[in-house]
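Asker: the following block contains a protein sequence and its predicted model.
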Amino acid sequence: MFDPGLLPKPVPHCILFAEKYRSTPIITSCSSLSRSSRIIFSTSLGPFDAMLEDGTLFATPQTTEQLLALLQTHWPGQVIVLATEDKYSDWVSAAVPKVNLLQIESVSQLGKIVGRCAVNCVSAGRKPNPGPRQPPSSETMVGALKAVPGVGATQARKLRDKFGTLYNLCQASKGELVSVVGRSNGAALYDAIH
């Protein structure tokens, strides 16, 4: 199990990325979206890939063992798990609500999602959260949802207003999603998160 005490503290106006992403297209796509945040590389993020200034962590587990390590990490902030396969949905839905699963097509989308969430973090004026658990910002949810193909800012806000958290959204039925964002977008979103 990874000790969250080993994680670096969130840095104001910065995005921390794991060192393995230095000089990759993931960093380029994140930088192009989040110009007001400086990108810093760290070798101490453990099983995580990135951290926002509010303490939100992002992870792209490649194995079930990596996912289990993430679920056992008692981080006080929000954790967003980006998965390219549907096999993790049962594991995450059984986890604590602060761990949210977002289905992605490839790990290359990591930079785009982190960048959009960072923009929303900065625009919401949130402060770093290295201390006790605070409720995750709804703007982080909007940023993550806008990265899903077919979901724009307006639809992301409607989904946030209806479901409140990514966890609740992932538990929604196809009918519930369709009632919020329409038939084609609701069906596409349901397929993306299930």
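Answerer: Structure received. Residues are numbered from 1 along each chain as shown.
Asker: mind listing the strands for the chain?
Answerer: Taking DSSP state E to define them, one finds strands in the chain at 14-18, 38-42, 50-51, 57-59, 79-83, 99-103.
Asker: and the contacts of the shortest one?
Answerer: When contacts are taken as C-beta atoms under 8 Å, 6 or more residues apart in numbering, the neighbours of strand 50-51 outside the stretch itself are 7-8, 10, 15-18, 21, 42, 45, 57-58, 110, 114. Any C-beta I mention is one placed from the backbone N, CA and C, and that applies to glycine too.
Asker: sheet-wise, list the partners of it with their directions.
Answerer: strand 14-18 (antiparallel), strand 57-59 (antiparallel) (DSSP bridges).
Asker: select only the buried ones of the contacts of strand 50-51 in ChimeraX?
Answerer: A single ChimeraX command selects the buried members of those (16 or more other C-beta atoms under 10 Å):
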select :7,10,15,16,17,18,21,42,45,57,58,110,114
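Asker: who's in contact with the residue nearest the centre of the chain?
Answerer: Closest to where the C-alpha atoms of the chain average out (C-alpha atoms, centre = their mean) is residue 80, at 3.5 Å. Neighbour list for residue 80: 56-59, 100, 102, 113, 117, 140, 144, 166 [criterion: C-beta under 8 Å, 6+ apart].
Asker: from residue 141, how far off is it?
Answerer: Using C-beta to C-beta, to the nearest Å, one gets 9 Å for the distance from residue 80 to residue 141.
Asker: one more: residue 76?
Answerer: With the distance defined as C-beta to C-beta, residue 76 ends up 18 Å from residue 141.
Asker: likewise residue 60?
Answerer: 18 Å.
Asker: these two: which has the busier surroundings?
Answerer: residue 141 (27 against 23; other C-beta atoms under 10 Å).
Asker: give me the number of residues near the closest residue to the more buried one other than its chain neighbours?
Answerer: Among residues not flanking residue 141 along the chain, residue 160 sits closest, at 5.0 Å (C-beta to C-beta, 6 or more residues apart in numbering). Residues near residue 160, counting by other C-beta under 10 Å, number 20.
Asker: return the backbone torsion pair for residue 56.
Answerer: phi -70, psi 130 (degrees, to the nearest 10).
Asker: okay but it is in contact with residue 76, surely?
Answerer: No - here residue 56 lies out of contact with residue 76, judged by C-beta atoms under 8 Å, at a distance of 11.1 Å.
Asker: and those two? which has more neighbours close in?
Answerer: Taking neighbours as other C-beta under 10 Å, residue 56 and residue 76 compare with residue 56 leading, 26 against 13.
Asker: how about the nearest residue to the more buried one, chain neighbours excluded?
Answerer: Using C-beta to C-beta, 6+ apart and skipping the chain neighbours, the partner closest in space to residue 56 is residue 78 (4.7 Å).
Asker: joint contacts of residue 80 and residue 141?
Answerer: Taking C-beta under 8 Å, 6+ apart as the contact rule, residue 80 and residue 141 both touch residue 166.
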